[in-house]
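> After the sequence you'll find the predicted model.
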Amino acid sequence: MSMKPVPLPDPDPVIAAAIRKKYAGKRPPLAVTVRDRLGCWLPDEAFAPAFARRGRPGLSPAMLAVVTALQYAEDLTDREAAEAVRTRLDWQYALGLALDDPGFDFTVLSEFRGRVAGHGLEQAVLDALLARLVSEGLLGPGGNQRTDSTHVLARARDLHTRELLRESVRAALEALAAACPGWTAARLCTADWNARYGPRPGSWAIPGQRGKRGRRKRDDGAAVTHARDGYALVSACCEDTAPPSARELPAVQVLRTVLLQRCMISEDGSGREAVRMREAGSESGLPPARRRIETPYDPLARRGIKDGTSWLGWKLHVTDTCDGPPACGCPPGARCPHDVLPAVITGVATTDACVPDIVMTVPVTAALAARGLAPARHYADSGYASAPAMAALAAAGTALVSPLTADTSRQAREGRGYDRSAFTIDYDHRTATCPQGRASSSWSRTSGRGRPVIIAQFPASACRACPARPDCTASAARGRSLHIPPREIHQLQAAARAGQATPAWQQDYNRRAGCEATISQALATAGTRRARYHGLARTRVEHVFTAVAVNLIRLDAHWNGIPLQRTRTTHLMRLSQAPPEDPNPN
């Protein structure tokens with residue numbers, strides 16, 4: 001399918017006249033406002049890598065991208081979005097379609113998302129909108145921005161180990177029956193396999209075992225049975241008589257990986273082969289969460305844990321602007337909605353659920369700088385904070401405003417004894433001096449957890465005779481070992497921890513809380529809490545279009561003079577803030 005870049009046509013005169021007549025003196029719909037204010041803000045050239053130069057011409061990708069953005073803004077399905085293109089005047093006005101335009105089949109939207117995801121072009125939509133806002137003066141480099149993350153549930157259902165093995169075998173059987181039906185029917189007893197793996201997942205159980213112990217025994221026995229069937233199926237696909245494509249099927253490869261991760265073959269007391277399940281927390285070899293397949297229907301989905309919440313899926317990082325209102329002539333304390341610029345989402349990033357926030361601190365800011373939107377001050381919670389990240393952002397001209405975690409040493413956790421702040425560190429003379437006046441005997445550079453670190457070792461003889469030994473170290477054979485970061489990291493860390501304890505810093509850091517409202521709006525607008533599609537690539541496309549949709553909604557409110565809504569005030573809060581009434585008014 002080929003593409004010839006063309007701009008969106010001007011709105012049809014008949015539709016434009018009908019829109020003006022219907023909404024005379026009223027607020028126009030979102031699609032109408034976006035077309036009037038932004039015009040053709042998204043060119044077809046942004047999607048050129050996803051289309052060939054020759055072949056049957058396809059629909060305008062820019063038009064399909066605008067349809068997708070409006071679809072997410074109203075939380076519509078593909079069928080509903082295609083029907084809106086056919087029947088709604090405001091959408092036809094925004095797309096420049098004629099009144100008698102027949103539209104397109106709803107499956108085109110899914111094909112378009114797949115093409116965008118396959119070529120990694122999802123950021124082009126957000127970049128085009130941000131570039132247009134920069135030209136309109138609503139956005140620019142510098143200023144304040146904030147970042148926060150939230151969990152996103154995978155489209156596939158979370159499975160128990162027994163269910164995972166059963167569904168992996170079931171998915172492999174379905175794939176073999178579709179790709180190699182002749183060999184599957186000749187090699188396997190399809191009636192027997194269909195009796196065990198044909199019914200729906202929720203309709204299968206082993207009767208006769210009740211209670212917690214009985215359920216566990218049933219689950220362990222069923223898991224071993226499914227594992228044996230999985231081994232037999234994978235072995236059959238690897239035989240010389242099997243079609244070469246059978247073992248290369250993705251579902252078969254997923255089954256093989258699940259068996260390697262969850263099961264192991266050993267010998268029992270009689271020398272026969274026995275299948276055992278790998279258990280977490282033991283030496284059985286269960287892989288870490290970042291490599292473990294949790295469902296055969298979305299092999300890239302991973303399990304994450306944050307703030308006590310465990311989920312299977314992805315993690316979404318959202319960055320938006322948080323500049324205060326400019327100076328105006330309004331009286332002090334008065335609300336001035338006309339001068340308040342909308343909080344625009346400038347970046348979204350989707351990662352595995354097990355990726356910690358600190359890993360994304362520098363990449364998120366680097367992506368903003370690549371678009372020419374690097375902030376002067378970047379606000380984030382403590383999950384994004386580290387002294388090396390602050391140093392890296394400071395070198396690029398961005399100040400990371402985020403609370404650094406406290407010292408995690410034993411002395412600092414217990415609140416007594418000598419932590420690192422109690423020592424005098426002299427980088428020039430490569431020595432550290434303890435509060436008792438003893439100097440370190442060695443100063444060596446090494447690396448810990450991928451970062452450079454300095455180890456200052458104190459002599460064991462001096463530490464044994466020290467009267468403050470219980471407050472310093474618990475080692476009976478060695479002296480105190482002090483782990484020190486490099487000079488620039490140490491100075492930055494000390495300054496940041498001292499500054500974040502001041503009321504002025506706390507007042508400035510309150511800007512970060514607004515990012516939670518942005519995430520809440522994305523969840524309420526497009527249902528971002530659960531992914532619509534399978535796979536990380538398509539989920540990224542969903543999140544980028546959700547960000548575009550939220551931006552369009554906020555811009556529509558800004559252009560139409562709708563003030564920002566205050567946080568809801570309960571009746572009890574209003575009553576507590578009211579001045580007390582005089583019980584004797586007379």
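The structure has been received and is ready for your questions.

> only C-alpha atoms for contact and neighbour calcs from this point on.
Fine.

> all strands for this protein, in order.
144-153, 263-267, 273-277, 302-306, 309-321, 345-352, 377-380, 399-401, 424-426, 431-433, 442-448, 451-457, 481-484 (DSSP state E).

> Can you give me the neighbour number for residue 239?
Here the number of neighbours of residue 239 (other Cα atoms under 10 Å) works out to 12.

> wait, I meant residue 288
12.

> between the strands of the chain, which one is nearest to residue 28?
strand 345-352 (23.3 Å; Cα to Cα).

> strands paired with the closest one, and their directions?
For strand 345-352, the paired strands and their directions (DSSP bridges) are strand 309-321 (antiparallel).

> could you give the angle of the strand it pairs with to strand 144-153?
150 degrees (axes from the mean of the first three to the mean of the last three Cα atoms, to 10 degrees).

> tell me how far strand 309-321 is from the chain's mean position?
3 Å (Cα atoms, centre = their mean, to the nearest Å).

> orientation of it relative to strand 302-306 in degrees?
Here strand 309-321 points in a direction 80 degrees away from that of strand 302-306 (the same axes, to 10 degrees).

> So what touches strand 309-321?
With Cα atoms under 8 Å, 6 or more residues apart in numbering as the test, strand 309-321 has contacts from 143-155, 158, 294, 301-305, 343-355, 515, 518-519, 536, 543.

> wait, doesn't residue 478 sit right on residue 457?
No. Using Cα atoms under 8 Å, residue 478 is not in contact with residue 457, being 9.1 Å away.

> Which one of the two is surrounded by more residues?
Neighbour count, other Cα under 10 Å: between residue 478 and residue 457, residue 457 has more, with 20 against 16.

> thought the more buried one was touching residue 440?
Yes. Under the criterion of Cα under 8 Å, residue 457 makes contact with residue 440 at 5.5 Å.

> quick one on the thing from earlier: and the contacts of strand 309-321, which of them are buried?
143-155, 158, 294, 301-304, 343-355, 515, 518-519, 536, 543 (16 or more other Cα atoms under 10 Å).

> Quickly list the domain ranges of this structure.
Taking automatic domain parsing as the reference, the chain has its domains at 13-120, 124-153+312-328+336-404+500-586, 161-277, 410-486.

> need these in a markdown table with mean pLDDT and distance to residue 5, can you?
Formatted as a markdown table, these follow (pLDDT from 0 to 100; distance: least, Cα to Cα, whole Å):
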| stretch | mean pLDDT | distance to residue 5 |
| --- | --- | --- |
| domain 13-120 | 94 | 5 |
| domain 124-153+312-328+336-404+500-586 | 89 | 15 |
| domain 161-277 | 83 | 36 |
| domain 410-486 | 86 | 47 |
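
> can you redo these as JSON lines with distance to residue 3?
What follows is the domains of the chain, written out as JSON lines (distance: least, Cα to Cα, whole Å):
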{"stretch": "domain 13-120", "distance to residue 3": "6"}
{"stretch": "domain 124-153+312-328+336-404+500-586", "distance to residue 3": "17"}
{"stretch": "domain 161-277", "distance to residue 3": "31"}
{"stretch": "domain 410-486", "distance to residue 3": "47"}
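
> picking that back up, for the strands of the chain, which one sits closest to residue 14?
strand 345-352 (35.0 Å).
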